[in-house]
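Asker: can you look at this prediction? I've put the sequence above it.
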Amino acid sequence: MSHLFPNYARKPFEIVKGTGLTVEDQSGKAYLDFTSGIGVVNLGHHYPAVETALAQQAAQLWHMPNLYENHLQEEVAADLAGEMDYVGYFCNSGAEANEAAIKLARKYTGKSKIVTFQQSFHGRTYGAMSATGQDSIHAGFQPLVPDFHYGIYNDQTSIDTLIDPQTAAVLVELIQGEGGVVPAEKKWLHALAKKCSETGALLMVDEVQTGMGRTGTLFAFQQFDIQPDIFTLAKGLGNGIPVGAMLGKQKLAQAFGAGTHGSTFGGNKLAMAAAKAVITTMKAPGFFETVNERSEELFAGLAAITSDKIVAVRGLGLMVGIQLISPEVLTEVSAALEAKGLLTLRAGQNVLRLLPALTVSQVEIQQALYLLREVLENK
Ligand SMILES: Cc1ncc(COP(=O)(O)O)c(C=O)c1O
């Protein structure tokens, strides 16, 4: 009998070690990891610069509360903002980052209405779950936090009818990750941003999965030509060390005065040391050129696969979704890939999701393509 709640459908093996994209289970079987721990280990397992930063910080100080100055938080927030006009708040997960965003939007605007989208995913806490536009995730947990309204993603009418002067904020993913790797249409997103500025609603972008380089730029919004009022990060920010962040425009800062919101662990020194090493690595010259070369190789290889199991291939950077013809086929394909040593993810009902580390090599892309071809072309 397990001593754990059965809230995860776990595979019957355990990954016990890993370096880069190679991981190994308890029996010694090796796998090529195209999951990055669901988009977390974006620099690969055991990444030396993060490990060194953590070891140095661990030898100095692990934790002090947010009662004292924290120069690492200042530096990480400044590094994330770059030339842009954002201030940061640190927490421990994506759901918490979205909770902070929802609370800040309501406090700043004095309004409660939040618009999100069907098939979105924003996390499992009450606010983040209420923002999530999926009935299956709400089931059994009602009543939800009130005044969340779910539009249809990429639908102009939803913008026209739902966003109004009573709206505090809109929370949107630029590529719906858990929902099936569905990118927002740029034109739709620009219309959404325009409607937000016309009505005074804050534009909040959930970059928990798309951020930290996943789509080929540090943040996905840099490719969609929008500037959110608020954006949230987690997953790849600490390369495996739990950390989340909410970045908001400077004008919002006064709404989060002392005592309004907080977290014991949020922005602790170990998490900040890891985040700083991650950002420094990603901002090094040439980092994203290489990521985008690998992305092109992966998409080109996928386009060359001829299989009647594939409906569509979508995504950006190294966030890739292969829509298959049915959930049953997805189960068969992912099991066959796993047996051959390639770890992949599911998204939505029938999408095989690939989230390799951004440090993936040309050879590893070709290895994954070879296995995908074998399984999808029934060789
Ligand atoms: C877009 C998005 N937002 C929020 C979350 C929740 O993050 P966490 O599991 O760290 O709370 C996820 C997790 O998959 C996500 O993909």
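Answerer: Ah, there it is.

Asker: ok, how many other residues are close to residue 226?
Answerer: 21 (other CB atoms under 10 Å). Heads up, the C-betas are built off the backbone N, CA and C, glycines and all.

Asker: what's the spacing between it and residue 84?
Answerer: Going from residue 226 to residue 84 by CB to CB, to the nearest Å gives 12 Å.

Asker: please apply the same query to residue 263.
Answerer: Here residue 263 is placed at a distance of 24 Å from residue 84 (CB to CB).

Asker: how about residue 130?
Answerer: Taking CB to CB as the measure, residue 130 falls 29 Å from residue 84.

Asker: ditto for residue 245
Answerer: Distance from residue 245 to residue 84, counting by CB to CB: 14 Å.

Asker: neighbour count for the two, which is higher?
Answerer: The residue with more neighbours, out of residue 245 and residue 84, is residue 245; 31 against 14, by other CB under 10 Å.

Asker: tell me which residues touch that one, please.
Answerer: Shown in contact with residue 245 (CB atoms under 8 Å, 6 or more residues apart in numbering): 76-77, 80, 88-91, 97, 232-234, 237, 275.

Asker: list the ones among those that fall in strands.
Answerer: Those of the contacts of residue 245 mapping onto strands are 88-91, 232-233, per DSSP state E.

Asker: let me have the residues you listed in a markdown table, adding neighbour count and distance to the ligand as columns.
Answerer: Output for the ones in strands among the contacts of residue 245, formatted as a markdown table (neighbours: other CB atoms under 10 Å; distance: CB to the nearest ligand atom, whole Å):
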| residue | neighbour count | distance to the ligand |
| --- | --- | --- |
| 88 | 18 | 17 |
| 89 | 26 | 15 |
| 90 | 27 | 13 |
| 91 | 26 | 9 |
| 232 | 31 | 7 |
| 233 | 28 | 10 |
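
Asker: name the SS class of residue 273, please.
Answerer: What DSSP: H, G, I helix; E, B strand; the rest coil gives for residue 273 is helix.

Asker: does it touch residue 54 like I think?
Answerer: Yes: counting by CB atoms under 8 Å, residue 54 is a contact partner of residue 273 at 5.8 Å.

Asker: so which of those two has more stuff around it?
Answerer: Shown here are residue 273 and residue 54; by other CB under 10 Å, residue 273 has more neighbours (25 against 20).

Asker: chain neighbours aside, what residue packs nearest to the more buried one?
Answerer: Among residues not flanking residue 273 along the chain, residue 57 sits closest, at 3.6 Å (CB to CB, 6 or more residues apart in numbering).

Asker: list the contacts for the one you found?
Answerer: By CB under 8 Å, 6+ apart, the contact set of residue 57 is 269-270, 272-273.

Asker: from residue 274, how far out is it?
Answerer: Between residue 57 and residue 274 the computed distance is 8 Å (CB to CB).

Asker: check residue 343 too.
Answerer: When CB to CB is the yardstick, residue 343 and residue 274 sit 23 Å from each other.

Asker: between those two, which one's more packed in?
Answerer: It is residue 274, of residue 343 and residue 274, that has more neighbours when counted by other CB under 10 Å, with 25 against 22.

Asker: and that one, what does it touch?
Answerer: By CB under 8 Å, 6+ apart, the neighbours of residue 274 are 50, 53-54, 238-241, 243.

Asker: please report how far it lies from the ligand.
Answerer: 15 Å (CB to the nearest ligand atom, to the nearest Å).

Asker: how many neighbours does the nearest residue to residue 206 once chain neighbours are set aside have?
Answerer: The shortest distance from residue 206 to any non-neighbouring residue, by CB to CB, 6+ apart, is to residue 173 (4.9 Å). Residues within reach of residue 173, counting by other CB under 10 Å, total 25.

Asker: list the contacts for the residue of the chain found nearest the ligand?
Answerer: Using CB to the nearest ligand atom, residue 94 is the residue of the chain that sits closest to the ligand, at 2.3 Å. Residue 94 makes contacts with 122-123, 128, 206, 208-209, 232-235, 244, as judged by CB under 8 Å, 6+ apart.
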